[in-house]
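Visitor: Pasting the sequence and the predicted model now:
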Amino acid sequence: MRRSHAFQIAMGCFLAAATFAATDARSDAPGAPPRQVTPSGPGFAGVYGQMPVSQAEFISTPDQIKSAALSAAPTAIWETLEHGEKVECLDCISVVAPLLYDANSKNREIAAWWLRRRVFGVFGPGEVYEQTLQTLASGTNPVNRAYAASALGEFLYAPGIAACATAITKDGDARVRAAAASALGRLNDDGAGALTVGLVDTDPGVRLAALASAARINSFSGVSMVASLTVDSSGDVRRRSIEVLEALHAIDTVVAVASVAQSDADPRVRAAACHALGTFGDSSVVPLLTKVSTNDSNGLVRDMAQIAILSL
């Protein structure tokens, strides 16, 4: 009997707590009427119910889009264009398009993001997208050509692949080639081998951009070319190539990476190599890592080798 009575008491407490929680969820304060959250009626209430106006997402008007685009203020531009994602405004396009060549990278990014969502006025003959292709192909200002390449990456539209591939192989300015290599990563395409060309570019900035894209695209077949960069003249390129090999899980490059771990002149590169060896899963490198963990002159490298051993 006592056990049954205790159960009844427990159930009573549970039901009381559940009722209180439900009442609290329905009300702003004890005893207050339920807050209307279901949309009801015309205007704002028809969409948001009784939600305070300050908590509702606003939709940018065409005038606000134009004003923000002309302001050159990154925060205002970003907020206004983001809230104008689905606002069709043909007059706004000619005001937003110049932001593709703005000195502020965030302005360029959000401008391309907004423009690529237009149903009309961007992708037709002679319109913004075609103008961007032409700027990359034949613009006289290399900075604008680089910005055009970046914009083509953000537009996520297939014709940009061939345009960026051509820029990697033919443009005389390293800034343009690097931007084009980065854009191919955004477009998830190697540009019919152009990205591999970028990996052997004379400029280390282009090689770094190509490496970043190689790690980003879904199907990259130039792993052997990435592995060759583990002995590049630039320490940054060597380190990034190892990070890419690790990201691609290129376990067949374990010999090349192991050589770097014990002999590269840059401790950052040796540390990256040790980390990669720990992820490849090849226990044959344990003796080498053990030697590095005790003999390397750099404490970070020794620690990274020890961590790699524990991972294998």
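Guide: Noted; the coordinates are in hand.
Visitor: all contacts plus neighbour counts: C-alpha atoms, from now on.
Guide: Fine.
Visitor: Identify the residues contacting the helix or strand hosting residue 154?
Guide: For residue 154, the element it lies in under DSSP states H and E is helix 142-155. With CA atoms under 8 Å, 6 or more residues apart in numbering as the test, helix 142-155 has contacts from 100-101, 108-109, 112-113, 115-116, 129, 132-133, 135-137, 139, 160, 164, 173, 175-180, 182-187.
Visitor: who's in contact with the very next helix or strand once past it?
Guide: Sequence order places helix 159-170 as the next helix or strand after helix 142-155, per DSSP H and E. The contact list for helix 159-170, computed with CA under 8 Å, 6+ apart, reads 133, 136-137, 149, 152-153, 176-178, 180-181, 183-184, 187, 189, 191-192, 194-195, 197-198.
Visitor: Of these, grab the buried ones for PyMOL.
Guide: Listed next is the PyMOL selection for buried residues among the contacts of helix 159-170, using 16 or more other CA atoms under 10 Å:
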select buried, resi 133+136+137+149+152+153+176+177+178+180+181+183+184+187+189+191+194+195+197+198
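Visitor: re earlier: what's the offset of the helix holding residue 154 from the middle of its chain?
Guide: 16 Å (CA atoms, centre = their mean, to the nearest Å).
Visitor: can you state the direction angle for it and helix 159-170?
Guide: Orientation check (axes from the mean of the first three to the mean of the last three CA atoms, to 10 degrees): helix 142-155 against helix 159-170 gives 140 degrees.
Visitor: quick one: residue 282 from residue 288, how far?
Guide: Using CA to CA, to the nearest Å, we find residue 282 at a distance of 12 Å from residue 288.
Visitor: neighbour-wise, which of the two wins?
Guide: When neighbours are counted by other CA atoms under 10 Å, residue 282 and residue 288 differ, and residue 288 comes out ahead with 16 against 13.
Visitor: Compute the number of surrounding residues for the nearest residue to residue 128 once chain neighbours are set aside.
Guide: For residue 128, ignoring the flanking residues on the chain, the nearest one in space by CA to CA, 6 or more residues apart in numbering is residue 122 at 4.8 Å. Residue 122 is flanked by 20 other residues according to other CA under 10 Å.
Visitor: Residue 122 contacts residue 113, correct?
Guide: No: at 11.8 Å, residue 122 and residue 113 do not qualify as touching, with contact defined as CA atoms under 8 Å.
Visitor: Skipping its backbone neighbours, what lies nearest residue 248 in space?
Guide: Counting by CA to CA, 6+ apart, the residue nearest residue 248 is residue 215, at 6.6 Å.
Visitor: So the one you found sits against residue 244, correct?
Guide: Yes: with contact defined as CA under 8 Å, residue 215 reaches residue 244; the gap is 5.5 Å.
Visitor: The closest residue to residue 249 other than its chain neighbours: neighbouring residues, count only.
Guide: Spatial nearest neighbour of residue 249, chain neighbours left out: residue 280 (6.5 Å); criterion: CA to CA, 6+ apart. Residue 280 has 21 neighbouring residues, counting by other CA under 10 Å.
Visitor: now do residue 200
Guide: Neighbours of residue 200 using other CA under 10 Å come to 17.
Visitor: I'd like to know how far the nearest residue to it once chain neighbours are set aside sits from residue 293.
Guide: Of all residues not flanking residue 200 in the chain, residue 207 sits nearest, at 6.4 Å (CA to CA, 6+ apart). From residue 207 across to residue 293, the span is 31 Å (CA to CA).
Visitor: Show me which of those two is the more surrounded one.
Guide: More crowded of residue 207 and residue 293, by other CA under 10 Å: residue 207, with 30 against 24.
Visitor: what helix or strand is that one on?
Guide: helix 204-214.
Visitor: Okay, buried residues for the helix or strand following that helix please.
Guide: Under the assignment DSSP H and E, the closest C-terminal helix or strand after helix 204-214 is helix 223-228. Neighbour-count burial for helix 223-228, counted by 16+ other CA under 10 Å, picks out 223, 226-227.
Visitor: ditto for stretch 76-83
Guide: So, applying 16+ other CA under 10 Å, buried residues of stretch 76-83: 76-78, 80-83.
Visitor: In helices, which of those residues appear?
Guide: Counting by DSSP state H, the part of those found in helices is 76-78, 80-82.
Visitor: in the stretch 201-312 of the chain, which spans are helices?
Guide: 204-214, 223-228, 235-247, 254-263, 267-280, 286-295, 299-311 (DSSP state H, counting those that start in this stretch).
Visitor: Would you reformat the ones you listed as CSV and include distance to residue 168 and mean pLDDT?
Guide: Putting those into CSV (distance: least, CA to CA, whole Å; pLDDT from 0 to 100) gives the following:
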stretch, distance to residue 168, mean pLDDT
helix 204-214, 9, 98
helix 223-228, 16, 96
helix 235-247, 18, 97
helix 254-263, 27, 97
helix 267-280, 27, 98
helix 286-295, 39, 97
helix 299-311, 35, 97
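Visitor: Output those in CSV, with distance to residue 50 appended to each entry.
Guide: Below are the helices of the stretch 201-312 of the chain laid out as CSV (distance: least, CA to CA, whole Å):
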stretch, distance to residue 50
helix 204-214, 48
helix 223-228, 58
helix 235-247, 49
helix 254-263, 62
helix 267-280, 54
helix 286-295, 64
helix 299-311, 55
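Visitor: I'm done for today, thanks for sticking with me.
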